[in-house]
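In: predicted model follows, preceded by the sequence.
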Amino acid sequence: MDIQRIGIVGCGLMGSGIAQCAAEAGCQVWVKEADEALLAKGLARIHGAWDRGVAKGKIQEAQRNEWRQNLHGTLAFPTLAECDLVVEAIPERLDLKLQTFAELDRVLGVSAILCTNTSSLSVAQISPVLAPHRLPRLAGLHFFNPVPVMPLVEIIRTLATDEDTLATLRGFVQKLGKTSVMAPDAPGFVVNRLLVPYLLDAMRCAEQRLATAEDLDTAMKLGCGHPMGPLHLSDFIGLDTMQSVAEVLFDAFGEPRFKAPSLLRQLVAAGRLGRKTGSGFYRWDGEKRMEALPL
Ligand code: 3HC
């Protein structure tokens, strides 16, 4: 099945990025948010990205106008009734996700595919609120931040996901101009299972004063060709997110490498959550990383 009409629930950083890519790929995109203010903020983020593209001469005005027409907002689940695919991108709280999926299951057609963009919860945990006929059409679709730039999407199958659904999702990811990999429905999937212990290790190195934050980041950036060093990337992801992903992984595997270092806990407790609060390992001026802060 070719995905033509897609619903996105949640228009935060990830939801708006997914909506942007789908609208650019020619899909009719319906974004559902909880209230007018959140919806306006999410849509403004997407329009802002396109407007900056036009200002830089990277996007034609006619192209931007066409993409804008592909993008619609709503506050009501029933507006998503005709969607071929709905991707949920709301906060990582199972209770909220279960409520959302129960609503979606009620309003969507029988052939619609339901996906979660969760980065840490099990996809199969959503199954109990779905009708049995929907289970073969439930999967994970895990995007990476910033979604418009990062070329990977992990596709997560549960034991019930069928081959047609996986083929449709692979086609959809390709339509977005991205590459998919199949990942197991296990905590962290593939990327976070490998990435998170590395980032936590970098924090332990900072804690042990192995090197300054800047030197740790410069070492990995220039020594290994990474686009960002590990502390910079942790600030970029959000230190509260890092802590909660670490907790899920440590609960699941019990291995010390997944344990949130005490420095991470202290930064989170101090409200230094990284880019989103203007300070973490670094001070941030909006999107721009500034000097390292005392630890
Ligand atoms: N949205 C849209 N476009 C963006 C963007 C954003 N938020 N941030 C940067 N870009 C675009 C810029 O416009 C620019 O485009 P252009 O070359 O066409 O002009 C291009 O990306 C490069 O941007 P910059 O020159 O400003 O900066 P960099 O070259 O440093 O690239 C970066 C920025 C793409 C964020 C790069 O540093 C990077 O790839 N960092 C690593 C990000 C990463 O690892 N993400 C995964 C996090 S883990 C995750 O998401 C999983 C979750 O479950 C925790």
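Out: Arrived safely, thanks for sending.
In: residues of the stretch 51-200 of the chain that sit close to the ligand?
Out: 119, 144-146, 148-150, 192 (C-beta under 6 Å from any ligand atom). From N, CA and C alone the C-beta is placed, and that goes for glycine too.
In: between the residues you listed, which has the most around it?
Out: residue 119 (24 neighbours; other C-beta atoms under 10 Å).
In: that residue in helix, strand or coil?
Out: Secondary structure state of residue 119, per DSSP: H, G, I helix; E, B strand; the rest coil, is coil.
In: would you confirm that it contacts residue 92?
Out: Yes. Counting by C-beta atoms under 8 Å, residue 92 is a contact partner of residue 119 at 7.2 Å.
In: what sits in contact with each of those two?
Out: residue 241 (C-beta atoms under 8 Å, 6 or more residues apart in numbering).
In: low pLDDT regions in the stretch 101-250 of the chain?
Out: Residues of the stretch 101-250 of the chain meeting the criterion pLDDT under 70: none.
In: ok, residue 89 - contacts?
Out: Contacts for residue 89 (C-beta under 8 Å, 6+ apart) come out as 8-12, 14-15, 18, 117.
In: reformat those as CSV; add secondary structure.
Out: Compiled in CSV, the contacts of residue 89 are given as follows (three-state DSSP):
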residue, secondary structure
8, strand
9, strand
10, coil
11, coil
12, coil
14, helix
15, helix
18, helix
117, coil
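In: buried ones among these?
Out: Buried members of the contacts of residue 89, counted by 16 or more other C-beta atoms under 10 Å: 8-11, 14-15, 18, 117.
In: in helices, which of the residues of the stretch 51-200 of the chain next to the ligand appear?
Out: Counting by DSSP state H, the part of those found in helices is residue 192.
In: the nearest residue to residue 102 once chain neighbours are set aside: what's it in contact with?
Out: Nearest non-adjacent residue to residue 102, counting by C-beta to C-beta, 6 or more residues apart in numbering: residue 129, 4.2 Å away. Going by C-beta under 8 Å, 6+ apart, residue 129 touches 98, 101-102, 105.
In: if I look at residue 129, how far off is the ligand?
Out: As judged by C-beta to the nearest ligand atom, to the nearest Å, residue 129 and the ligand stand 23 Å apart.
In: for stretch 81-88, the averaged confidence score.
Out: Here stretch 81-88 scores 98 as its mean pLDDT.
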